[in-house]
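1. What follows is a predicted structure for the sequence shown.
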Amino acid sequence: AQSVTQLDSHVSVSEGTPVLLRCNYSSSYSPSLFWYVQHPNKGLQLLLKYTSAATLVKGINGFEAEFKKSETSFHLTKPSAHMSDAAEYFCVVRIHTGFQKLVFGTGTRLLVSP
Amino acid sequence: NAGVTQTPKFQVLKTGQSMTLQCAQDMNHEYMSWYRQDPGMGLRLIHYSVGAGITDQGEVPNGYNVSRSTTEDFPLRLLSAAPSQTSVYFCASKGGASDSYEQYFGPGTRLTVT
């Protein structure tokens, strides 16, 4: 079965320092992977997606993620955190059969301090 | 375009009451779905539709009904509300099956069942 595991429920960084949000996936075949962000009391917004093209994927707001098949990882990074990055981040895998639904990780809350 | 809209934003129900959560999109998307979000569990798929007149169950369909009489609307019905249905509900739509289509989420409905 396809699934994702987000390794940290909370990550705290200082403004201006790098961000690393970790995600491992499980999939029988080449997965489609996504990162979504949810700001407080808001809906979800797509940050970036990997669909078997380039392994380094650039998204919005300076975020990027690297697909590493050997490590079954799809970690989200940003060189320099901004206060507005404080939100919950979801790693998501798309199931390739049937409806091709999205399977969400449990989320990582990013806290950014001044 | 308004995108994906959901009403109401908040709702409190008593156990056993019924209600309908409304979802509409104005992007002429074929794919629509309902998710619930619970703390520490990410989002889970309740029901989905791949076009008008076609619906199917997701991971957690019990206690919920859906219908898709038009492309634009995809209401979610709670037949007899239970405290276990206290959650935040998100409606989503997508133009097609391919990953080239982004999935758009509504702002959510926060439901409390007492």
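-> Happy to help now that I have it.
2. helix, strand or coil for A:Asn61?
-> Following DSSP: H, G, I helix; E, B strand; the rest coil, we place A:Asn61 in the helix state.
3. can I assume it is in contact with A:Tyr89?
-> No: assessed by C-beta atoms under 8 Å, A:Asn61 is found out of contact with A:Tyr89, at 11.4 Å. For every residue, glycine as well, the C-beta is placed using N, CA and C.
4. Check what pLDDT the residue lying closest to B:Ala2 once chain neighbours are set aside gets.
-> Among residues not flanking B:Ala2 along the chain, B:Asp26 sits closest, at 5.4 Å (C-beta to C-beta, 6 or more residues apart in numbering or on different chains). As predicted, B:Asp26 sits at a pLDDT of 95.
5. ok, A:Gly16 touching A:Ala81?
-> Yes: A:Gly16 sits in contact with A:Ala81 when judged by C-beta under 8 Å, with a separation of 6.6 Å.
6. The two - which one has more neighbours?
-> A:Ala81 (22 against 12; other C-beta atoms under 10 Å in any protein chain shown).
7. any idea of the pLDDT on that one?
-> 97.
8. Ok, the one 4 residues further on next?
-> Per-residue confidence at A:Asp85 stands at 97 (pLDDT).
9. With B:Gly3 instead?
-> So, for B:Gly3, pLDDT stands at 90.
10. and it, how many neighbours?
-> Around B:Gly3 there are 14 residues (other C-beta under 10 Å).
11. Spell out the secondary structure type for the residue lying closest to it once chain neighbours are set aside.
-> Nearest residue to B:Gly3, sequence neighbours excluded (C-beta to C-beta, 6+ apart): B:Tyr104, at 5.7 Å. When classified by three-state DSSP, B:Tyr104 comes out as strand.
12. What is the burial count for B:Tyr104?
-> 21.
13. partners of it in the sheet?
-> Assessed by DSSP bridges, B:Tyr104 has beta-bridge partners B:Ser93.
14. what sits against it?
-> Neighbour list for B:Tyr104: B:Gly3, B:Val4, B:Gln25, B:Met27, B:His29, B:Ala92, B:Ser93, B:Lys94 [criterion: C-beta atoms under 8 Å, 6 or more residues apart in numbering or on different chains].
15. intersection of neighbour lists for A:Asn61 and A:Tyr89?
-> Joint contacts of A:Asn61 and A:Tyr89 (C-beta under 8 Å, 6+ apart) are A:Leu47.
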